[in-house]
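Visitor: output the structure for:
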Amino acid sequence: MSVVKSQTAVSGVSRVFKSRKRTRTLASILALAVLVGLIYFGRSYIVAAFVNGRPILRLSLVKELERKQGKTTLDSLVQKELITQEAQKKNITITNEDVQKEIDKITKAVEAQGVTLDAALSYQGQTRTDLEENIRIQKTLEILLADKLSVSEGDVKKYFEDNKAVYGTNPDYEQLKDSISDQLKQEKLSGEFQAWMDSLKKDSKIIYFVSY
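Guide: Here you go, the predicted model:
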């Protein structure tokens, strides 16, 4: 009886061992399958390209982009964040309707040149999302710096008279005055922006963890 019990016990242990071994093997297969799946579906996060079978890692791409454009890109992101924070402090909101009105104006202008908006954006390496973001930033700045961007009727008329030749034969002032006013405001915005941003940076706490 003791021998039978011993054999039964051994047989039971053997079955348990085999069962555990099969479980470990199945788990290993599943883990490998998951890993292969992650590598396949997430390959663009690891590899940027293959050249004759040799990979160019995405990390290498990021490092190269940072080396060439890191400082400019980081500064742009810092500026956008500062503008966003200032807008929030002053409860400035640019609605989707505001953005769409500007897109409609831009679309009309580029189509008058025989080009579609998407083609113009593609040529500049931009998307509609980029355009919408730029419009929001632009409109926000116009509100934040409104006191520095005033353009009088006299300013508009003077510009029109000084640049009549640009507008062709017998230009119509009434048709052109709004576009001239917008142009003068943009010129003022470009002139005032950097000084305003420098002052804003000086009054803000900005901690950089990378340097270029």
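
Visitor: could you find the residue nearest the spatial middle of this structure?
Guide: Among the residues of the chain, the smallest C-alpha distance to the mean C-alpha position (Cα atoms, centre = their mean) belongs to Asp130, namely 6.3 Å.

Visitor: distance of that one from Ser179?
Guide: Taking Cβ to Cβ, to the nearest Å as the criterion, Asp130 is separated from Ser179 by 24 Å. C-beta here means a position set from N, CA and C on the backbone, and glycine is covered the same way.

Visitor: cool, and Ile207?
Guide: Distance from Ile207 to Ser179, by Cβ to Cβ: 43 Å.

Visitor: more neighbours, those two?
Guide: When Ile207 is set against Ser179 and neighbours are counted by other Cβ atoms under 10 Å, the residue ahead is Ser179, at 13 against 4.

Visitor: what helices and strands are in contact with the helix or strand the more buried one falls within?
Guide: Here Ser179 sits within helix 173-202, counting by DSSP states H and E. Packing partners of helix 173-202 (3 or more Cβ pairs under 8 Å, 6 or more residues apart in numbering; DSSP states H and E): helix 58-89, helix 128-144, helix 153-162.

Visitor: now the second one: average pLDDT?
Guide: Looking at helix 128-144 alone, the average pLDDT works out to 94.

Visitor: just use 54 as the starting number from now, easier for me
Guide: Got it, the first residue is 54 from now on, which makes the last one we talked about helix 181-197.

Visitor: next, the buried residues of it.
Guide: Buried residues in helix 181-197, defined by neighbour count with 16 or more other Cβ atoms under 10 Å: 184-185, 188-190, 192-195, 197.

Visitor: tell me which strands and helices it is in contact with?
Guide: Helix 181-197 packs on helix 111-142, helix 149-164, helix 170-176, helix 226-255, going by 3+ Cβ pairs under 8 Å, 6+ apart.

Visitor: can I get the ones you listed in JSON lines with mean pLDDT?
Guide: JSON lines is the format used below for these (pLDDT from 0 to 100):
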{"stretch": "helix 111-142", "mean pLDDT": "92"}
{"stretch": "helix 149-164", "mean pLDDT": "91"}
{"stretch": "helix 170-176", "mean pLDDT": "90"}
{"stretch": "helix 226-255", "mean pLDDT": "90"}
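
Visitor: turn those helices into JSON lines, columns for distance to Gly207.
Guide: What follows is the helices and strands packed on helix 181-197, written out as JSON lines (distance: least, Cβ to Cβ, whole Å):
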{"stretch": "helix 111-142", "distance to Gly207": "31"}
{"stretch": "helix 149-164", "distance to Gly207": "25"}
{"stretch": "helix 170-176", "distance to Gly207": "34"}
{"stretch": "helix 226-255", "distance to Gly207": "11"}
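
Visitor: please identify which of the ones you listed is closest to Tyr265.
Guide: With Cβ to Cβ as the criterion, Tyr265 lies closest to helix 111-142 of the helices and strands packed on helix 181-197, at 3.9 Å.
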